[in-house]
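Peer 1: Task: produce atomic coordinates for the following.
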Amino acid sequence: MSTIDRELLAERAAAVVRHLDRVAEHLPGDPADLRPLTSATDTVVLHLWQAVQVVIDLAVSTCVRLGLGSPPTYADAFRQLADAGVIADELAQRLARAAGFRNLVVHGYGQLDLRRVHAIAVAGPADLRTFLAALRDHEG
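Peer 2: Next up, the predicted model:
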């Protein structure tokens, strides 16, 4: 069983922060202003997806490094980390939903509910940052 690679974590955390900063820069205050086929919407969706993807990649690699096995799904990676005490159960549930958002973006961009995307872009970054902090603070 190996520990979390601190250098890799710091590098990937910085990437997540850069993506979340781009989301914040382009996210309109009013959900109705997030409209299809606009640069702001494309930027928000792209950078939110990228931030979530980096967190997913970290979750999967952390499961493997900690000897928890290779999770069958992205959502399972967060559940395994919760079961191992690395992150809280409630956070794992929310991040499992973030993995679902990632899948929706990758496999069906045209079907996105932009009001929901706006809500995710407002609330989701805190969960991504909490996840990164939990990995940083984990001793295992």
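
Peer 1: For the rest of this, base every contact and every neighbour count on C-alpha atoms.
Peer 2: Noted.

Peer 1: so where's this protein uncertain?
Peer 2: Scanning the chain with the threshold set as pLDDT under 70 gives 1-2, 109-110, 140.

Peer 1: where exactly do the strands run in it?
Peer 2: All residues of the chain lie outside strands when identified by DSSP state E.

Peer 1: how about the helices in it?
Peer 2: Under the criterion DSSP state H, the chain contains helices at 6-26, 39-65, 74-83, 89-108, 114-137.

Peer 1: Tell me which of these is the most buried.
Peer 2: Among these, ranked by average contacts under mean count of other CA atoms under 10 Å, first place goes to helix 74-83 (a mean of 22).

Peer 1: What helices and strands are in contact with that one?
Peer 2: With contacts taken as 3 or more CA pairs under 8 Å, 6 or more residues apart in numbering; DSSP states H and E, helix 74-83 sits against helix 39-65, helix 89-108.

Peer 1: And these: which comes nearest His138?
Peer 2: Among those, helix 39-65 comes nearest to His138, with 10.7 Å by CA to CA.

Peer 1: And the closest one, what does it pack against?
Peer 2: Counting by 3+ CA pairs under 8 Å, 6+ apart, helix 39-65 packs on helix 6-26, helix 74-83, helix 89-108, helix 114-137.

Peer 1: Just want the angle from the last one to helix 6-26.
Peer 2: Taking axes from the mean of the first three to the mean of the last three CA atoms, to 10 degrees, helix 114-137 and helix 6-26 form an angle of 150 degrees between their directions.
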